[in-house]
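# I would like to see how this sequence folds:
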Amino acid sequence: MTQPEAAADALVAAIDTGLSSPGVERRDVVLVTGPWLAGTSSLIAVLRERMPERTFVEADELSAAHAPTAVVFVVSAITPLTESDCALVDLAANYTDLIIGVVAKIDAHRNWREVLAADRAQLAARAPRYEHVQWVGAAAAPDLGEPRVDELVGALRQRLADPDVQRRNRLRAWEVRLHNVIARYQAEAAGSDRQARVAAEDAAEVERRDVELAGDVLQAIALAEPLVEEGLRVVHIAAARPRGFPVDAAARPARGAHDIPQNLQQRLLQGERIRRRRSAGEPAHERPVPEVDPRQVAAEERGEQGGRPFLRRRIEAGHHVEQHLAPHRQGAAMVVAIWVGVGIAVSWWLSARIDG
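Coordinates of the predicted model:
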């Protein structure tokens, strides 16, 4: 490391001691490059002949980890710089401060000075560091006469002899390194902010869906509540009815009705009196129980005339039992149907909201 380069490193280390190297190695060579058919091969051959004390290389002779001391950028005098030509300058002189622009083939194009002025203005407008780039004309392989490279050779010798060139090149390498670090931190911060925003949006969406789902469940329960209440009312009425109590349409609550039937209170009181008689050991039936004549029963069993058939009496007894169990069966069936309907409704709402 030379004295100027050490001075540049000390300047950067005074700002941040953790920075020890710009990450590129400087080679004491001059890079000659340019777009295709610009005339770089003929120009580099002439420069090697005219300046044997210096080493001139082309782009494929320099690795990505190495930076040249100077860059000679060659363009044709046919047309001004294009966007791709400017991008090539950015790549070739990324770590180098010393740049010399050359408009080649000036022997074949009389308007080369206008092209040179346009190239200087266009490159200076691209970045502030290009405002001080020196531009010259050259003809490395003219059709007539000797090569015209004296101005280029003089500019190179003058600029390379400047003792401040090494320090400026080192500072340029540090500038690129710091810009890359800042860009990486900014990209990571932007990525973190984006991830945080996406996570917050996802959380808000999940919360919104949960609120909608809870509202739908509550709505489904609210719609099913009258049905459940009606089923419980039917079960209560059926449980309160005494055994053998006849079933009539007036005792059944209408669908959606919330009023107790008018004769329900009397029936409940009647059921309470029957339960009290049972607990006291008294007969539970308020109606008189008819006495059974054994001879009549025998006659019925034999099927004799004058007595009711035995089968008919058994059918009537079964009808009496069925009449007693009917309210309980109806109430239980209604409750089961209601709860099945509620379950289907709630499951449908949940599946619809989750799928949606």
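# C-alpha only now, for contacts and for neighbours.
Noted.
# pLDDT (mean, whole number) over the longest strand along the chain?
In the chain, assigned by DSSP state E, the strand with the most residues is strand 66-76. Strand 66-76 carries an average pLDDT of 95.
# so what touches stretch 182-194?
By C-alpha atoms under 8 Å, 6 or more residues apart in numbering, no surrounding residue is in contact with stretch 182-194.
# got the CA coordinates for it in PDB?
Extracted as PDB, the C-alpha positions of stretch 182-194 are listed here (Å, rounded to 0.1, in the frame of the first residue of the first chain):
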ATOM      1  CA  ILE A 182     -25.900   2.000   2.600                       C
ATOM      2  CA  ALA A 183     -27.900   0.500  -0.300                       C
ATOM      3  CA  ARG A 184     -27.800  -2.900   1.400                       C
ATOM      4  CA  TYR A 185     -29.000  -1.500   4.700                       C
ATOM      5  CA  GLN A 186     -31.800   0.500   2.900                       C
ATOM      6  CA  ALA A 187     -32.900  -2.600   1.000                       C
ATOM      7  CA  GLU A 188     -33.000  -4.600   4.200                       C
ATOM      8  CA  ALA A 189     -34.900  -1.900   6.000                       C
ATOM      9  CA  ALA A 190     -37.400  -1.600   3.100                       C
ATOM     10  CA  GLY A 191     -37.800  -5.400   3.200                       C
ATOM     11  CA  SER A 192     -38.400  -5.400   6.900                       C
ATOM     12  CA  ASP A 193     -40.900  -2.600   6.600                       C
ATOM     13  CA  ARG A 194     -42.700  -4.400   3.900                       C
END
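# quick one: low-confidence parts of the stretch 251-356 of the chain?
By pLDDT under 70, the low-scoring segments of the stretch 251-356 of the chain are 251-343, 345-356.
# relative to residue 96, how far out is the nearest residue to residue 22 once chain neighbours are set aside?
Spatially, and ignoring its direct neighbours in sequence, residue 22 is nearest to residue 174 (5.0 Å; C-alpha to C-alpha, 6 or more residues apart in numbering). When distance is defined by C-alpha to C-alpha, to the nearest Å, residue 174 is 10 Å away from residue 96.
# on that earlier part again, which parts of the longest strand of the chain are buried?
Judged by neighbour count using 16 or more other C-alpha atoms under 10 Å, the buried positions of strand 66-76 are 67, 68, 69, 70, 71, 72, 73, 74, 75, 76.
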